[in-house]
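> The following block contains a protein sequence and its predicted model.
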Amino acid sequence: MCLALPAEIVALSNDNDTATVSLEGVKKEISLALVEDVAVGDFVLIHVGYALNKISPQEAEKTLALMAEAGVLETVPEGVKDEIR
Amino acid sequence: MKYVNEFRAKDLAKKLAKQIAREADPSRTYNVMEFCGGHTHAIFRYGVQDLMPENVKFIHGPGCPVCVLPIARIDSAIELAEHHRAIVCTYGDMMRVPASKKKSLIKSKAAGADIRMVYSTQDALKIARDNPDRQVVFFAIGFETTTPPTAVAIKQAQAEKLENFSVFCNHVLTPAAIQHILQSPEVRQIGSVSIDGFLGPSHVSSIIGSAPYAYFAEEFQKPVVIAGFEPLDVMQSTLMLTRQINDGRFEVENEYTRVVTPQGNKKAQQLVSEVFELRRLFEWRGLGDVPYSALQIRQAFADFDAEKRFVITPSTGRDVKGCECPAILRGAKRPTDCKLFGTVCTPDNPQGSCMVSSEGSCAAYWSYGRFRGAKTKSVKKAQVA
Amino acid sequence: MNKISSRFPTRLKIKNGYVDMTHGAGGRAMAQLIDELFVRHFDNELLAQGNDQALFNVNSGRMVISTDGHVVSPLFFPGGDIGSLSVHGTINDVAMSGAQPLYLSASFILEEGFELAQLEKIVISMANAAKAAGVPVVTGDTKVVERGKGDGVFITTTGIGVVPEGLNISGLNARPDDAIIVSGFIGDHGVAIMSSRENLEFETEIVSDSACLHDLVADMVAAVPTIKTLRDPTRGGLASTLNEIAQQSGVGMQLNEDDIPLRPEVSAACELLGLDPLYVANEGKLIAICRRQDAEQLLKTMHNHPLGQHAAIIGHVVEDDLGFVTMETSFGGNRIVDWLAGEQLPRIC
């Protein structure tokens, strides 16, 4: 598959064509040709030197919350099936 | 690392393991095919199988673009470097894959061919700009995740009139491969491979969206859960699949909501459809000819198509005799079923792509899982941790 | 104070000069190169004598000798260069027997066309490393190969040392229940090298950990003379070295991923390139194997030394005919940590 990693945008180039991302202080310049409306502070998924998509912080929280529910459930609660669609 | 470490947390892993064990029906098995090599890698690297109950099994699919590339295409890339003396730029993954006549890109490089490893298509463009007197060919491989970057490069080359740049295109499509597996004799008729559900690819889906999988779910009545890349994602998705299987549902669910949306990345999709079109047929290692499963460069960009610029000898390269990669890629056999595994074929001397690619079943099994089968009673029980 | 020989009519033109075939031919040009570059910077009595060999007294006891060829590319990288690496590397190999390193020799294979200014930089770096370690380069050799047949410069260093009485340190000694200790953060060197390679450019503060470990080793063997094994995990990383030792001793190993010291930046860089830090080279770290009951004492000693501040127990030796090195992952599952197969290349898949 495709090794893609979430990284934070720390700087944008003047023409918004490229950005500098940081992963724990490791910085790399990547292309923004495949995304739109990114800002410094956004997290993007990077793959072969390109940003592929923005990462949604809200959805990330939701997913972690769902995972945390596991292990304390005796049965699948009503409504969970709809939530995870 | 944000959005990475949280999804590798041990305490959540334990919880999920408990929950899966609770919900998995002990009277049946759950065969989950993880299509993508990245998931195979995560499962082995983190030991996810250890945390699953006995009756939940992972079947490793052909989702490794390196693994499924036929030998003939690698032969052609080598020919471009050796015979046509082009600078061939390639991702690191392809360097060690065995081609015909015991060759490979890395061996060819050692023998003097100008083959350069790059991290990005942007690097290949730079090499082309820096070497105007040389032909520069980018060896493009990968699924839908890796295709948009190639599209960007071709458009950029056209805009810059970078005439010495061209692309040798081997991009392949995921849904076609999944379909082909589901229609293979082992799955459909013989029933020797039973697949109860799919872990859908993370990053391919970030580009194509979750919508395209609806067809499989319906047509083949198998549930699909698009799973994130990290081990917790794999576990959560397996839990979701278990529930669907228990309920008799076959829907497309998305666990990787922080990146994947139903429609995917429209900008990337548009770029790809502008530059590429479907090939009628393309050979996949292990699956034979698969219709409408791969891309070629459109006429409008023919100037940057290496297959049009260079005369490439059609190769009749075939897999090494005894190599079971084809069956392993289809999930029909396990690495240990292959006579060459561990004897002739090892990571140091790979015979087929499943062993070379770090995500190939055989490489993953060798690196991470081999010891389970091999542990003898000589291992002291009072093992200290 | 070293004297520049008055044998030569003019000084060697280092600033804009290049290595040419005469520098390896044995004649005046070679003598001048040796004199004004090597002897001048390495600056010690034995070398200044100008013989083809270095003559010294030997105290009775056990001696060790070790040699290493250095072909690193790029020649200069964050935190070091081929010169300092060649000094540190061989001193470390000698030190891994518990020996006190005494002398080094250095052989240079120079490529025709290599810039003398670069060569001087490398030699100065070596000289500084040798001085800091207290281990002089007392003899050497110079050869020149035609353009295209070398990578600028290859350096081979050989070191000798004396092992104190009572030590028995070898890769054959690991036994079940022994503790496995690493002296600090892994992966720094390999990542520093990668960061300066073309087409893999990424910005990072990570520098090579290249350093001499003989001083740390001296403290360690003084505190725990029963140390069983010492080895520095260079090419192939921690994983390869542990596998070597496991095979030599006919044992297995069980590691704990959570306990392995790894800088977040190095971890991130490895993720970026698809590399496993366990296989990434180190040049200033060591692995120590000791009896379980000595581990705490050894760790304390190491923590008191600047190069061992972050030392940690990362696992234990276990009985295993098959010699597997296994690891409990930070995720909770188990995996094997195998030998490195081929070369670890960055991947996209």
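Thanks, I have the structure now.
> the strands in the stretch 201-350 of chain B, which residues?
Chain-ordered strands for the stretch 201-350 of chain B, with DSSP state E, counting those that start in this stretch as the definition, fall at B:224-226, B:252-254, B:276-284, B:288-297.
> Please identify the most buried of those.
For the strands of the stretch 201-350 of chain B, average neighbour numbers computed from mean count of other C-beta atoms under 10 Å in any protein chain shown are highest in strand B:224-226, which has a mean of 28. The C-beta positions use only the backbone N, C-alpha and C, and glycine is treated the same way.
> got the contact list for it?
Surrounding strand B:224-226, the residues in contact under the criterion C-beta atoms under 8 Å, 6 or more residues apart in numbering or on different chains are B:197-202, B:205, B:210, B:213, B:216-217, B:237-238, B:240-241, B:244, B:251-256, B:260.
> which of those come close to chain A?
The subset of those lying close to chain A, counting by C-beta under 8 Å from any C-beta of the partner chain, consists of B:201-202, B:240, B:251, B:253-256.
> Tell me, how many residues neighbour the residue in chain C that chain B sits nearest to?
Per C-beta to the nearest C-beta, the residue of chain C with the smallest distance to chain B is C:Gly333, at 1.9 Å. Taking other C-beta atoms under 10 Å in any protein chain shown as the criterion, the count of residues near C:Gly333 is 23.
> can you check the one 5 residues further on too?
By the other C-beta under 10 Å criterion, the neighbourhood of C:Asp338 contains 20 residues.
> Tell me the helices and strands packed up against the strand or helix carrying B:Ile43.
In this assignment (DSSP states H and E), B:Ile43 forms part of helix B:37-46. Packed against helix B:37-46 by the contact rule (3 or more C-beta pairs under 8 Å, 6 or more residues apart in numbering or on different chains; DSSP states H and E) you find strand B:56-63, helix B:65-68, helix B:202-208, helix B:231-247, helix B:361-364, strand C:334-336.
> want to throw the ones you listed into CSV with mean neighbour count and mean pLDDT?
Formatted as CSV, the entries for those read as follows, by neighbours: other C-beta atoms under 10 Å in any protein chain shown; pLDDT from 0 to 100:
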stretch, mean neighbour count, mean pLDDT
strand B:56-63, 24, 82
helix B:65-68, 29, 81
helix B:202-208, 28, 94
helix B:231-247, 24, 95
helix B:361-364, 28, 80
strand C:334-336, 22, 85
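> Backbone dihedrals for the closest residue to C:Pro264 other than its chain neighbours, both of them.
Closest residue to C:Pro264 in three dimensions, ignoring its sequence neighbours and counting by C-beta to C-beta, 6 or more residues apart in numbering or on different chains: A:Glu24, at 4.3 Å. A:Glu24 adopts backbone torsions of phi 50, psi 40, taken as degrees, to the nearest 10.
> residue contacts, the residue of chain C closest to chain B?
Contact partners of C:Gly333, counting by C-beta under 8 Å, 6+ apart, are B:46-51.
> For chain A, state which of the residues you listed is nearest.
Nearest to chain A out of the contacts of C:Gly333 is B:Leu51 (C-beta to the nearest C-beta; 11.9 Å).
> Flag every residue of the stretch 51-200 of chain B that's near chain A.
The stretch 51-200 of chain B comes close to chain A at residues B:63-64, B:91, B:119-123, B:142-143, B:145-146, B:148-149, B:152, as judged by C-beta under 8 Å from any C-beta.
> Which residue ranges of the stretch 151-300 of chain C form helices?
Listed in chain order, the helices found in the stretch 151-300 of chain C under DSSP state H, counting those that start in this stretch are C:188-195, C:214-223, C:237-249, C:264-273, C:295-303.
> Now the fourth one: buried residues?
Taking 16 or more other C-beta atoms under 10 Å in any protein chain shown as the neighbour-count basis, helix C:264-273 is seen to contain the buried residues C:265-273.
> Contacts for it, please.
Under C-beta under 8 Å, 6+ apart, the answer for helix C:264-273 is A:5, A:23-26, A:28, B:1, B:4, B:119, C:185-188, C:191, C:194-195, C:200, C:202, C:204-206, C:275-277, C:280, C:346-347.
> okay, and for chain C, where does confidence drop off?
Along chain C, the model assigns pLDDT under 70 to residues C:1-6, C:198-201, C:341-343.
> repeat that with 50
The model of chain C has pLDDT under 50 over residues C:1-2.
> Show the contacting residues for B:Phe143.
Under the criterion of C-beta under 8 Å, 6+ apart, the contact list for B:Phe143 reads A:1-2, B:63, B:65, B:171-174, B:201, B:204.
> my bad, B:Asp305
Residues near B:Asp305 by C-beta under 8 Å, 6+ apart: B:166-167, B:169, B:296-297.
> Tell me the spacing between it and B:Leu295.
Spatial separation of B:Asp305 from B:Leu295 under the definition C-beta to C-beta, to the nearest Å is 11 Å.
> Check C:Ile91 too.
According to C-beta to C-beta, C:Ile91 and B:Leu295 sit 55 Å apart.
> repeat for B:Phe250
Here the criterion is C-beta to C-beta. By it, B:Phe250 lies 29 Å from B:Leu295.
> what's the answer for C:His214, then?
C:His214 sits 58 Å away from B:Leu295, taking C-beta to C-beta as the criterion.
> again with C:Leu322
Applying C-beta to C-beta to C:Leu322 and B:Leu295 gives a distance of 45 Å.
> next one: B:Pro326
Looking at B:Pro326 against B:Leu295, where the rule is C-beta to C-beta, the gap reads 22 Å.
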